[in-house]
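1. sequence-free structure coming up:
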């Protein structure tokens, strides 16, 4: 019984770890995309309030991107 439990627990742990890693990766990817879009809009001269509305980033976050 113990011999079958350990491999099953390891498999479950790996699945859970992989799922958490994918979720974290998606969050980071979305944040990076928003930041990139905000930077592009800044270069085009779009005002910060409009960028905030379009990206969901705060004006403070956008101000940090400003070149």
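-> Ah, there it is. Note that the structure is predicted; figures quoted are calculated from it, not measured.
2. which SSE is immediately downstream of the top helix by length along the chain?
-> Looking across the chain with DSSP state H, the single longest helix is helix 2-43. Next helix or strand after helix 2-43 toward the C-terminus (DSSP states H and E): helix 48-55.
3. pLDDT score assigned to the closest residue to residue 55 other than its chain neighbours?
-> Among residues not flanking residue 55 along the chain, residue 34 sits closest, at 4.6 Å (CB to CB, 6 or more residues apart in numbering). For every residue, glycine as well, the C-beta is placed using N, CA and C. Per-residue pLDDT puts residue 34 at 96.
4. counting contacts, what elements does the longest helix of the chain pack onto?
-> Counting contacts by 3 or more CB pairs under 8 Å, 6 or more residues apart in numbering; DSSP states H and E, helix 2-43 packs against helix 48-55, helix 59-65.
5. next one: the helix-or-strand element of the chain with minimal mean pLDDT to chain centre, how far?
-> Least confident element among the helices and strands of the chain, by mean pLDDT, DSSP states H and E: helix 2-43 (a mean of 88). Counting by CA atoms, centre = their mean, to the nearest Å, helix 2-43 is centred 9 Å from the centre of its parent chain.
6. and the angle from that helix to helix 48-55?
-> Per axes from the mean of the first three to the mean of the last three CA atoms, to 10 degrees, the angle that helix 2-43 makes with helix 48-55 is 150 degrees.
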